[in-house]
Every structure is written in structure tokens, then in C-alpha cells.
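Colleague: Make a model of this:
(chains A and B)
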Amino acid sequence: MTYLTRDPIDAAALLAEVAARGHGGISLFVGAVRDHQDGRGVIRLEYSAYEPMAEAECRRIVDEALGRWPVAVALRHRIGELAVGDVAVAVAAGSAHRDEAFAACRYVIEEVKRRVPIWKKEFYADGHVEWVDPTARRPEAPAAALAPGANA
Amino acid sequence: MTSDVSVRVLFFARYAELMGREAVDLMVPAGATVAEVLERVRATLPEAGRLPPRPVCALNLRHVKLDARVAAGDEVALLPPVAGG
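Modeller: Below is the predicted model of the structure:
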């Protein structure tokens, strides 16, 4: 596996992968397991994947980013059982300047969330267990207030 | 005259739980669409009534629309809403 891993993700290793003498801007996104969702306490979760397709889709997303910006990109997504605070996903993008690094990093994480066949089962403090369905989830109030265009 | 071909249909995450299985091998006419494969799944497995009418599908590791056509040995996957990241 290239992009999926069952081991803890080392964000510093991703930074090293995209570092280069000509890269003056390196952007890093780290997604970690949150202790709450929709007002409920989360104690742990499990990520599972359609592994061969997830690998292929990650590869396509990285290739798209490399085609759009002059960047180097590193991407890792963890699967298996994770605890609160564990790193679930990390993206690093390095480029000559920060604009391209930020843009490529943002593109990769958004496309990963939208397209890569990975599923998340949340285990709540109240004993319930649920498959997360982002398409059905109500947006949290603060996030909605910060949505693009909200202040337009 | 068309001949039937074998395809493998995969179920993941919540869909695997609803179906009580992770895969089924089916015979479908050569050139059948993914939608027709889904119809065959529903005709073969009563649990498939619990699946949404138009699930997101992949064919041979790529997202496809339901009018994509399958060939012998293809792998069709039914993908619940993804939740990575």
C-alpha cells in the first residue's frame, strides 16, 4: 500500500517527502480524530476501505494535483481502529511559493473526502455505533456560519 | 445472440452489513449495464431491497455511472457514502 496505512502517520515524514531546495512553501494538512460529532461524545472509530480502489483513486487525485500545479505532493490515510487524537489523514504539498502549495494541499484533501472509498464507523460514549454518512449529516452551526459566501 | 458473462459484485461497510455478505458472483448478459447488474442483484438477493435505488457504483476500481457496460470478469462495487479524511 502506498497511500493507505495501518500504522500511525508521521506528518514529519510527509514534509520530508515534499521538501526540495527549490520549495520555498510547504503546506501540511493533518486530519485527526475528534472527540465529538453532532453533540455526541466519540470515543473511537474504525476506518475501512475498498483498498485497491482507494489506492487507485488516491493516485489519480495526486496525479491531478501534479498536473495542475508545480508541486510535490505526499498523501497518507490511515485505516483500522483509531482513538481520539490519532491522525487519520495527512497531506503535504511543496512548491516554490505558498499559493501553489496551499491550493494543491486543499485540492487533495477535498477530493480525498469526496471520492476515495473509505468508510468510517463511529463509536459513541453512549454506546451507539454508526456508519458516518456525510451526505446526511446536518452541518454544525459554526461551520455553516463560516461557509464560503456566508458574509457576501 | 448474446452470451452470459460472470461478474463479481462487492458490498462495503454499511451495505455489507445490510446484505450480510461482502460479495456475490452473478451471470449477466454480455454488455449489460451496471444498472442491469443491480437489477440482477435485487432479483437474486432479497436483502438487496434494503439498498438505495441508485447507489454510487464503481467498475474495475473507477467511479462509473449506472449506464456503464460490464464485460466478463468485471468487478462492480456498490459504495456507501464515503467518509474518509
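Colleague: Below-threshold pLDDT in chain B: ranges please.
Modeller: B:1-2 (pLDDT under 70).
Colleague: What residues does it have near chain A?
Modeller: B:10, B:12-14, B:17, B:58, B:61-63, B:77, B:79-85 (CB under 8 Å from any CB of the partner chain). Every residue, glycine included, has its C-beta placed from N, CA and C.
Colleague: chain center to the helix or strand where residue A:16 lies, what's the gap?
Modeller: Element membership for residue A:16 (DSSP states H and E) is helix A:11-18. How far helix A:11-18 lies from its chain's middle: 15 Å, per CA atoms, centre = their mean, to the nearest Å.
Colleague: what's in contact with the next helix or strand after it?
Modeller: As assigned by DSSP H and E, the chain's next helix or strand after helix A:11-18 is strand A:25-32. Contact with strand A:25-32 is made by A:11, A:14-15, A:18-19, A:85-102, A:104-106, A:109, B:85, as judged by CB atoms under 8 Å, 6 or more residues apart in numbering or on different chains.
Colleague: try 7 Å
Modeller: A:11, A:14-15, A:18-19, A:85-98, A:101-102, A:105, A:109, B:85 (CB atoms under 7 Å, 6 or more residues apart in numbering or on different chains).
Colleague: mind listing which of those are in helices?
Modeller: Judged by DSSP state H, the subset of these located in helices is A:11, A:14, A:15, A:18, A:98, A:101, A:102, A:105, A:109.
Colleague: Fine, thanks again, bye for now.
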